[in-house]
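Trainee: Test case, fold it:
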Amino acid sequence: MKRAFFQGLTAVAIATAAFSLETPVSQAQIQVGASTPIVSNAGTLNRNNDHFLEVTVNGDMPLERLKVVCVTFHELSGVEVVDAETGEDIPFAFNAGFEEFTITFSDSLEAGKTVRIIMKDSRVRGRLGGLTVPYQVFATYPSIGENIPIGTAVISIPEVTGR
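Mentor: Take a look at the predicted model:
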């Protein structure tokens, strides 16, 4: 009985080895030293009237463009982009679409830079409080040219009475 069991086990091992030799194995192409920017901070300013998110640039590739998507019928009066550390304005072009906007930097951002995107007078369905607002953030690189998801900023704003 033991002999039949071991013969069966040997047959399964041989069949598995032969199958694994025929199955192609894909390998990921990892570029050493390169990584994407990340959403590093988010919150509110100006008594919850303005929402902000911060993006830190990592890796070797300069950041050319950010796309921010909010799928909760978001309204805002404008966008400001500043260096998160110094507060200096960062020049950019702005393009708004339905529930999204794109920021194209005049000069690509290098690694180590953290930018703060301030969404002025942010409202969701006309409300200021009692909300949780998710913002999906995508990056575009000159060498890749596509939107790469880099994170989601979730901002929770409590209902405020007596404003």
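
Trainee: Could you tell me which ranges of this protein sit under the pLDDT cut-off?
Mentor: For the chain, the stretches with pLDDT under 70 are 1-34, 126-129, 142, 145, 160-163.

Trainee: One more pass at 90, please.
Mentor: 1-37, 47-49, 58-63, 70-77, 97-99, 110-111, 121-133, 140-148, 155-163 (pLDDT under 90).

Trainee: now the strands for this protein?
Mentor: 38-45, 50-56, 63-69, 74-75, 78-83, 92-97, 100-109, 114-120, 123-124, 131-140, 147-157 (DSSP state E).

Trainee: I'd like the ones you listed as TSV, with mean neighbour count appended.
Mentor: Bear in mind the C-beta positions are built from the backbone N, C-alpha and C, glycine included. Below are the strands of the chain laid out as TSV (neighbours: other CB atoms under 10 Å):
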stretch	mean neighbour count
strand 38-45	17
strand 50-56	22
strand 63-69	21
strand 74-75	16
strand 78-83	15
strand 92-97	12
strand 100-109	16
strand 114-120	21
strand 123-124	18
strand 131-140	18
strand 147-157	16
